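> Generate a structure from the sequence data that follows.
(one chain, ligands or ions: 2)
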Amino acid sequence: MHVLVTGGAGYIGSHTVLQLLQDGHEVTILDNFSNSSPEAVRRVNALSSSKAKLLKVDLLDEELLKETLTTVKPDAVIHFAGLKSVGESVSQPLKYYRNNVTGTLNLLDAMDSAQCHTLVFSSSATVYGESTALPLLERTPRSATNPYGRTKLHIEEMLEELGASDARWSIANLRYFNPVGAHESGAIGEDPQGIPNNLMPYVAQVAIGRRDKVGVFGGDYSTPDGTGVRDYIHVEDLAAGHLAALEYLKDSSGVHVWNLGTGTGASVLEVIEAFRRVSGQPVPYEIVERRPGDVAESYANPEKARLELGWKAERGLEQMVEDMWRWQEQNPRGFESGDLLELSDDELAEHLKPYLVTRKEDGPRGDID
Ligand code: NAD
Ligand code: UFG
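Ligands and ions are numbered 1, 2, ... in the order given. Predicted coordinates for the structure are as follows:
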């Protein structure tokens, strides 16, 4: 099928695009590069025998968006595009409501004009607010603790109302837990701008020597070692969840919701220790004040996705950290650094040949010579 991927140049989007290509889908990416670089798409295309098309479009440009959708005529949309910094959303709430909520409204209108009614939406475990009813189930009551989380909550509700009003819509709300890791090639990964807000990229930057030490936000939670526990999920497993959801939506209208997590938590100190082990580098840390709004523990019950989608996360913490470290070492300052940036398209394809993915119909992966 022809899949339009908003935010496909971003972290989770780029990994998902690669899997879509591998699965034999035609892919058109739509991104405004507000938090990404076209270099990510160049690398995805170098990693794949079939190529994604890339269009620079802002979801807030209503006219261009409608024109694009009616020209592309996708069969389905995966909607990653959004702003995601919790702290920034507190200081600039309207920017978040405009970009995330209005951007999604514009997208839904444009999809309707293009007669496309199949949507996979990037929701988040943030919609569980400060819930302590662990493990978190899809039916756990929702709430928001900051404007970013509230945009996800509003969009989920909006999609539920839309699905209830018009049976042509097939919609998946995927609630991601904590996405980490990178593609095994080290060619694509998360490239946070400025000081990372999230733990894993911060720890990776300490291990590579870009930052002095990790500030551990609280050492007195009621968790086994006193530090916060989260359900980290490898971005490749997460990407696979999108393909499974698309498959499900083919034969099922209405609005569906699935947790995408592993079901297992790791503490901040366990993450630091895994990085120290994998990188062989010291990872100094200091216990500091709790971060306002953080919960002690968050992890999914992922059973619904397993039963209904036949999906489950396969990769553990060690592999998440290994892949993240490879990406960090090869691209110490993200997409704008490292040797791969200097390579021409042909040289890049040659360099990444061991990882080349071929469309399913074209033969098994790696069968390239
Ligand atoms: P990301 O910032 O790497 O990717 C988002 C992409 O959307 C970027 O390429 C950005 O340029 C693009 N974009 C943003 N606003 C746009 C607009 N108005 N028009 C066109 N493109 C626009 O983020 P990510 O980590 O890949 O996250 C993808 C989605 O998943 C987001 O919606 C995010 O809220 C959600 N999510 C992420 C996490 C996480 O921890 N990474 C957790 C839960 C949910
Ligand atoms: N942490 C530190 N030091 C840091 C950063 C984080 O100790 O420098 C701790 C936090 O206190 C927490 C854990 O590491 O215990 C994970 O924190 P992250 O910021 O990496 O992730 P969160 O679970 O707080 O939030 C992330 C996204 C949210 C999203 C949520 C669930 O930022 O937007 O995952 O998907 F909603």
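
> so which helix or strand takes in the closest residue to residue 113 other than its chain neighbours?
The shortest distance from residue 113 to any non-neighbouring residue, by CB to CB, 6 or more residues apart in numbering, is to residue 66 (5.4 Å). Bear in mind the C-beta positions are built from the backbone N, C-alpha and C, glycine included. According to DSSP states H and E, residue 66 maps onto helix 62-72.

> Run through the neighbouring helices and strands of that helix.
Applying 3 or more CB pairs under 8 Å, 6 or more residues apart in numbering; DSSP states H and E, one finds that helix 62-72 contacts strand 2-6, strand 26-31, helix 103-113.

> The following helix or strand past the last one pairs with which strands?
Read it as helix 103-113. For helix 103-113, the following helix or strand on the C-terminal side (DSSP H and E) is strand 118-124. With DSSP bridges as the test, strand 118-124 is paired with strand 76-79 (parallel), strand 170-176 (parallel).

> What residues does the stretch 151-300 of the chain have near ligand 2?
Residues of the stretch 151-300 of the chain lying near ligand 2 by CB under 6 Å from any ligand atom: 176-178, 197-199, 202, 214-217, 228, 230, 268, 291, 294.

> circling back to that earlier point, what's the closest of the helices and strands packed on helix 62-72 to residue 189?
Closest to residue 189 of these is strand 26-31 (CB to CB; 16.7 Å).

> Residue of this protein closest to ligand 2, please.
residue 228 (2.2 Å; CB to the nearest ligand atom).

> if I look at that residue, how far off is residue 217?
From residue 228 across to residue 217, the span is 7 Å (CB to CB, to the nearest Å).

> what about these two, which has more around it?
More crowded of residue 228 and residue 217, by other CB atoms under 10 Å: residue 228, with 25 against 17.

> Please identify the nearest residue in space to that one, excluding sequence neighbours.
Excluding the flanking residues, the one nearest residue 228 by CB to CB, 6+ apart is residue 268, at 5.5 Å.

> now residue 144
residue 150 (3.9 Å).

> That neighbour contacts residue 156, doesn't it?
No: counting by CB atoms under 8 Å, residue 150 sits too far from residue 156 to count as a contact (10.6 Å).

> Tell me who's in contact with residue 279.
Contact partners of residue 279, counting by CB atoms under 8 Å, 6 or more residues apart in numbering, are 207, 208, 325.

> now, which of these lie within helices?
Secondary structure defined by DSSP state H assigns 207, 325 of the contacts of residue 279 to helices.

> and the contacts of residue 279, which are buried?
Among the contacts of residue 279, the ones that count as buried by 16 or more other CB atoms under 10 Å are 207, 208, 325.

> Using CSV, lay out the residues you listed together with distance to residue 189 and pLDDT.
Converted to CSV, the buried ones among the contacts of residue 279 look like this (distance: CB to CB, whole Å; pLDDT from 0 to 100):
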residue, distance to residue 189, pLDDT
207, 14, 95
208, 13, 92
325, 10, 97
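
> Export these to CSV and append columns for distance to residue 312.
Formatted as CSV, these follow (distance: CB to CB, whole Å):
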residue, distance to residue 312
207, 29
208, 32
325, 24
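
> I'm done for today, thanks for sticking with me.
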